[in-house]
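1. Could you look at this predicted model? Sequence included:
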Amino acid sequence: MSHSRIAFIGAGNMAASLIGGLRAQGLPADAIRASDPGAEQRARIAAEHGIQVFESNAEAIQGADVVVLAVKPQVMKTVCQALAPNLSGNPLIVSIAAGITCASLENWLGAPRPIVRCMPNTPALLREGVSGLYANGEVSAAQKTLAEQLLSAVGLALWLEEEALIDAVTAVSGSGPAYFFLLIEAMTAAGEKLGLPRDTAARLTLQTALGAARMAVASDVDAAELRRRVTSPAGTTEAAIKTFQAGGFEALVQQALDAAAKRSAELAEQLGQ
Ligand SMILES: NC(=O)C1=CN([C@@H]2O[C@H](COP(=O)(O)OP(=O)(O)OC[C@H]3O[C@@H](n4cnc5c(N)ncnc54)[C@H](OP(=O)(O)O)[C@@H]3O)[C@@H](O)[C@H]2O)C=CC1
Ligand SMILES: O=C(O)[C@@H]1CCC=N1
């Protein structure tokens with residue numbers, strides 16, 4: 001990947017996270033370009049990462065080995081149709097858009113193209129992301145390696161055998177950081193209501209989230225066993241967990257992830273034509 005040139009179409013939140021991760025990993029600024037119609041976004045990403053920015057998508061992709069489509073699903077069709085006549089040299093197309101299928105991208109790009117559809121997440125900014133990847137039949141072994149290098153530069157990259165599983169990946173890890181942030185918000189607010197200063201409640205919550213995640217990753221036993229080790233019989237944790245379960249916590253989590261996966265499939269249906 002050290003000699004590959006990467007162009008990002010769209011310089012929003014997710015592009016910034018990926019570019020930040022790639023730069024932190026040592027990819028030189030002059031290997032990365034980004035385009036965005038927003039002058040503010042362009043200025044921000046150029047200032048933060050020292051990369052070259054363009055108003056024109058067609059200019060940004062000149063000479064690119066990899067074109068990362070990082071725009072909202074709703075504008076993907078227009079963006080791809082405008083890019084199609086400007087694509088030369090058969091670059092690898094990497095799409096990070098939720099709910100946009102390889103078939104739609106191929107259709108809009110006007111010819112069979114090597115496409116990797118992936119679902120990353122924002123902790124990519126800290127190189128702590130995780131992505132699910134799916135390659136269409138046009139992707140060469142070298143391009144597959146390139147896509148994996150790109151995404152594993154910013155975290156864990158996991159290949160999927162079936163494209164449809166991207167909906168589940170979106171529900172679990174694409175949207176997932178927001179669920180943990182919600183829990184952090186709720187625990188901080190609850191700690192404050194219990195009398196802690198807000199800052200103390202926030203720091204206790206954050207360090208607990210970090211410690212628990214690190215423990216779960218490092219441990220050779222599963223999360224359920226780690227939970228049991230915190231839960232003394234008739235103790236405080238048991239009181240809390242029983243309250244979560246009485247409120248239908250697990251079922252609610254399932255419903256929430258079902259809704260996210262369903263929305264991903266709906267986007268494909270609504271925007272795929
Ligand atoms: N945010 C996340 O956690 C994740 C997002 N994704 C996917 O990543 C994609 C981007 O999401 P996110 O970064 O959050 O969105 P953002 O809105 O932050 O970024 C998209 C950027 O694209 C710009 N844009 C709009 N039209 C064009 C165009 N024609 N050409 C080039 N750029 C354009 C937007 O400008 P303007 O704002 O002016 O319209 C914006 O700056 C989405 O498809 C989403 O599904 C995937 C995984 C996680
Ligand atoms: O909310 C969304 O649609 C995007 C995709 C995954 C995370 N953010």
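-> Here it is on my side, so go on. Ligands and ions are numbered 1, 2, ... in the order given.
2. Without its sequence neighbours, what residue ends up closest to the residue in the stretch 151-273 of the chain that ligand 1 sits nearest to?
-> Nearest residue of the stretch 151-273 of the chain to ligand 1, counting by CB to the nearest ligand atom: residue 174, 4.5 Å away. No exception for glycine: its C-beta is placed from N, CA and C like everyone else's. Nearest residue to residue 174, sequence neighbours excluded (CB to CB, 6 or more residues apart in numbering): residue 119, at 4.4 Å.
3. ditto for residue 39
-> The shortest distance from residue 39 to any non-neighbouring residue, by CB to CB, 6+ apart, is to residue 55 (7.9 Å).
4. Surely that neighbour and residue 34 touch.
-> No. Counting by CB atoms under 8 Å, residue 55 does not reach residue 34; the two are 10.8 Å apart.
5. Give the intersection of the neighbour lists for those two.
-> In terms of CB atoms under 8 Å, 6 or more residues apart in numbering, residue 55 and residue 34 are both contacted by the residues residue 42.
6. which residues touch the residue of the stretch 151-273 of the chain closest to ligand 1?
-> By CB under 8 Å, 6+ apart, residue 174 lies in contact with 98, 119-121, 260.
7. List the contacts of the helix or strand containing residue 131.
-> Element membership of residue 131, judged by DSSP states H and E, is strand 129-135. If you take CB under 8 Å, 6+ apart as the criterion, strand 129-135 is touched by 17, 21, 102, 114-124, 143-144, 147-148, 151, 154-160, 162-163, 165-166, 169, 173.
8. Give me the subset of the residues you listed lying in helices.
-> Assigned to helices by DSSP state H, the following of the contacts of strand 129-135 qualify: 17, 21, 102, 143-144, 147-148, 151, 166, 169.
9. Which members of those are the farthest-apart pair?
-> The distance between the two most remote of the ones in helices among the contacts of strand 129-135 (CB to CB) is 24.0 Å, for 21 and 102.
10. Of these two, which one has the most company?
-> Per other CB atoms under 10 Å, whichever of residue 21 and residue 102 has more neighbours is residue 21, with 24 against 21.
11. Let me know how buried the closest residue to the more buried one other than its chain neighbours is, in neighbour terms.
-> Distances taken as CB to CB, 6+ apart place residue 154 nearest to residue 21, at 3.1 Å, with adjacent residues excluded. Residue 154 has 27 neighbours, counted by other CB under 10 Å.
12. swap in the one 4 residues further on?
-> Each residue near residue 158 was counted by other CB under 10 Å, and the total is 17.
13. what's across from it in the sheet?
-> Applying DSSP bridges to residue 158 gives these bridge partners: residue 132.
14. Name all residues that make contact with it.
-> Here residue 158 is in contact with 130-133 (CB under 8 Å, 6+ apart).
15. Most neighbours among those, please name it.
-> residue 131 (27 neighbours).
16. related to what we said a few turns ago, residue 55 and residue 34: which has the busier surroundings?
-> When residue 55 and residue 34 are compared for neighbours, residue 34 comes out ahead with 28 against 12, by other CB under 10 Å.
17. That one belongs to a helix?
-> No. Under DSSP: H, G, I helix; E, B strand; the rest coil, residue 34 falls outside any helix and is assigned strand.
18. what is it paired to in the beta sheet?
-> Beta-bridge partners, per DSSP bridges, of residue 34: residue 8, residue 53.
19. Give the burial count for residue 267, as a bare number.
-> Look at residue 267: counted by other CB under 10 Å, it has 20 neighbours.
20. what residues go with each domain of this structure?
-> Here the domain parsing of the chain from automatic domain parsing is 6-168, 176-266.
21. What's the mean pLDDT across the shortest one?
-> When the per-residue pLDDT values of domain 176-266 are averaged, the result is 97.
22. chain center to it: distance?
-> Mean-position distance between domain 176-266 and its chain equals 21 Å (CA atoms, centre = their mean, to the nearest Å).
23. Tell me which residues touch residue 264, please.
-> 98-99, 166-167, 170-171.
24. How about the contacts made by the closest residue to it other than its chain neighbours?
-> Closest residue to residue 264 apart from its sequence neighbours, by CB to CB, 6+ apart: residue 167 at 4.1 Å. Residue 167 is in contact with 99, 261-262, 264-265, counting by CB under 8 Å, 6+ apart.
25. What subset of those is buried?
-> The neighbour count (16 or more other CB atoms under 10 Å) marks 99, 261, 264 as buried among these.
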